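> quick one, fold the following:
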Amino acid sequence: MIQRRAILGAVGAAAMARAVPPAFAADASNPAQSAVSELQAQMARGTLTSVQLARRCLTRIEQIDQRGPLLRSVLEVNPEAIGIASALDAERRAKGPRGPLHGIPVLIKDNTATGDRMSTSCGSLALANAKAPRDATLIARLRDAGALILGKTNLSEWANIRSSHSTSGWSGRGGLTLNPYALDRNPSGSSSGSAVAVAAGLAPLAIGTETDGSIVSPASICGLVGIKPTVGLVSRYGIVPISRTQDTAGAIACTVADAATLLGAIAGADPLDAATHSNPGAPPGYLSALNRGALSGARLGLVRSAYTGLDPVDALIDRAVEQLKSLGATVIDPVELPDTRKYGDAELEVLLYELKAGLNEYLPQFAPGAPVQSLADVIAFNERERDRELPLFSQDLLVKAQSKGDLETAAYRDARALCRQLARDEGIDKALSEHKLDALIAPTGAPAWLTDLIGGDNPVASFSTPAAVAGYPHITVPAGFVAGLPVGLSFVGTAFSEARLIGYAYAYEQATQHRRPPGFAKSATIRLPT
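The predicted model follows:
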């Protein structure tokens, strides 16, 4: 896995030591913790409005994110949120809802352009005041669906491609996002803010993005459902880029149904993103895939080499495998994939070449008034602002990317070919074909690690890389807890198999119901025998 890292400022450190008022741990009156279908039912009955829902979310952001535990998951809220919600309520009364997201607040990872009064900064002080001239395509789709863009979430700065020795969840603009299950543990990145905000009940839904692990890892670690779709299912136009080969936006939610609803709204071809031209079209909302019996007859391959080596975690996944079998699935154990170390260096090479090309193209289009208009400008800005941007870790990956040539360079093309060969042809596709499988399963990764301000991230294990490098879909769903920390189960398939994976994840989720909200504990709960 390409490590995504960042640091903790003094304010974040103080937050971890602060006692957490117990009232924040559970709030049954918080509608943002209700399923989207239930929120729509309440709006249809007239017992809830979008304005009321938005106000409740904004109040909770103030109480929990800006004060209380001080999670720092939301960078800024939409100053027009209440006015937009009021207009959506009026439209509902006059015409009825546009669809399942009408009036529902959605938080957006702050590497995704919103053509409104909010900044699109990717967490960098260099873009702190950058206003995008237009919406990213997925934002336009959300607005068309009637969703309320509530605010922008914190993230690992530059989506965690800045340094090889950082701590996930930190940005120069937003500080460190804290894990709501144990405030001294890391939320993972780079979609840390999106995952933490949904887990904490600040909004029902959030958009995340992933290059390698940045949706599924924070979703798993925060006890949520995360859908990292096939590259090309969702347009990347207007998203601060790392990799045209691996980047994608996806959905983070409390349930499979809610994540599938959000994914259905943002999926679709876009003439402004060539990767979507192979998009076969999405089933309407993916809601037809929500079948409790979907696992009956399914053939799943267990990637046992992805086990964490942590006995309690691996035992939990063994129980999940038995539950899948009890729901009618046949599990082939084990199924082998190429060791990701065989193409880890090639993956990083691809990302660095594509980062330089992509950022140099994005900045003039979407940050025209910003002080940085190229990768070289970003590097120079960070050097000038070392005290604020580089106090404890460097920008070595940005510097390495700047040294790369263009996308016609032989080294880049060779690295990209090797990645495709090992992740797709000799990897996921080969495993599925040889064993006649419908999907692969594995632990998404280990539970949240302790935040380390000096050594940086220290994740024990992750299953994100095969699907990330292949550009294939990956869904994580809660599988239980170890020492009060969530653990996720992954479902991975071939290109554009989202509907099938959603069905499997939904059937497992409905049968097990492992998800529970966080308690904002200061540390993990470890009970020793007496």
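> show me where the stretch 251-400 of the chain has its strands.
Secondary structure of the stretch 251-400 of the chain (DSSP state E, counting those that start in this stretch): strands at 299-302, 330-332.
> hey, C-alpha coordinates of stretch 414-432 in CSV?
Provided in CSV are the C-alpha atoms of stretch 414-432 (Å, rounded to 0.1, in the frame of the first residue of the first chain):
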residue,chain,number,x,y,z
ASP,A,414,6.8,0.5,-18.5
ALA,A,415,5.7,1.0,-14.9
ARG,A,416,2.1,1.4,-15.9
ALA,A,417,2.2,-1.8,-18.0
LEU,A,418,3.7,-3.8,-15.1
CYS,A,419,1.0,-2.5,-12.8
ARG,A,420,-1.8,-3.5,-15.2
GLN,A,421,-0.2,-7.0,-15.7
LEU,A,422,0.2,-7.9,-12.1
ALA,A,423,-2.9,-6.3,-10.7
ARG,A,424,-5.3,-7.2,-13.5
ASP,A,425,-4.1,-9.9,-15.9
GLU,A,426,-2.2,-12.0,-13.4
GLY,A,427,-4.0,-10.7,-10.4
ILE,A,428,-7.7,-10.1,-9.9
ASP,A,429,-8.9,-11.2,-13.3
LYS,A,430,-6.8,-14.4,-13.2
ALA,A,431,-8.0,-15.3,-9.7
LEU,A,432,-11.6,-14.8,-10.6
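> check the offset of that stretch from the chain's centre.
The chain centroid and the centroid of stretch 414-432 are separated by 24 Å, computed with CA atoms, centre = their mean, to the nearest Å.
> same deal with stretch 310-324?
Here stretch 310-324 is found 24 Å from its chain centre; the criterion is CA atoms, centre = their mean.
> who touches it?
Here stretch 310-324 makes contact (CB atoms under 8 Å, 6 or more residues apart in numbering) with 295, 300, 302, 307-308, 331, 333, 441-443, 446-447, 460-461, 479-480, 482-483, 487, 489, 508, 511-512. The C-beta positions use only the backbone N, C-alpha and C, and glycine is treated the same way.
> next, name the residue at the spatial heart of the chain.
Centroid-nearest residue in the chain, with CA atoms, centre = their mean: Ile215, separated by 2.5 Å.
> quick check: that residue touching Ile227?
Yes - between Ile215 and Ile227 there is a contact at 7.2 Å, judged by CB atoms under 8 Å.
> find residues that contact each of the two.
Taking CB under 8 Å, 6+ apart as the contact rule, Ile215 and Ile227 both touch 250, 252, 474.
> quick one, what contacts the residue nearest to the centre of the chain?
Per CB under 8 Å, 6+ apart, neighbours of Ile215: 191, 208-209, 226-228, 250, 252, 474.
> mind redoing it with 10 Å?
Counting by CB atoms under 10 Å, 6 or more residues apart in numbering, Ile215 makes contact with 109, 190-191, 194-195, 207-209, 224, 226-229, 248-252, 464, 468, 474-476.
> wait, Val482 sits on Ala446?
Yes - between Val482 and Ala446 there is a contact at 8.7 Å, judged by CB atoms under 10 Å.
> shared neighbours of the two, anything?
Both Val482 and Ala446 are contacted by 308, 310, 313-314, under the criterion CB under 10 Å, 6+ apart.
> which residues does stretch 268-275 contact?
Against stretch 268-275 from outside (CB under 10 Å, 6+ apart): 136-138, 140-141, 230-239, 244-245, 247-248, 276-282, 471.
> which of these fall in helices?
Counted as lying in helices by DSSP state H, out of the contacts of stretch 268-275, are 137-138, 140-141.
> list the buried residues in stretch 423-436.
For stretch 423-436, a neighbour-count test (16 or more other CB atoms under 10 Å) marks 423-424, 427-428, 430-432, 435 as buried.
> now do stretch 410-417
Going by neighbour count (16+ other CB under 10 Å), the buried part of stretch 410-417 is 412, 415-416.
> now render those as JSON lines, adding secondary structure.
Below are those laid out as JSON lines (DSSP: H, G, I helix; E, B strand; the rest coil):
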{"residue": "Tyr412", "secondary structure": "helix"}
{"residue": "Ala415", "secondary structure": "helix"}
{"residue": "Arg416", "secondary structure": "helix"}
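> ok, those vs Gln365, which is closest?
Checking these against Gln365 with CB to CB, the nearest one is Tyr412 at 22.6 Å.
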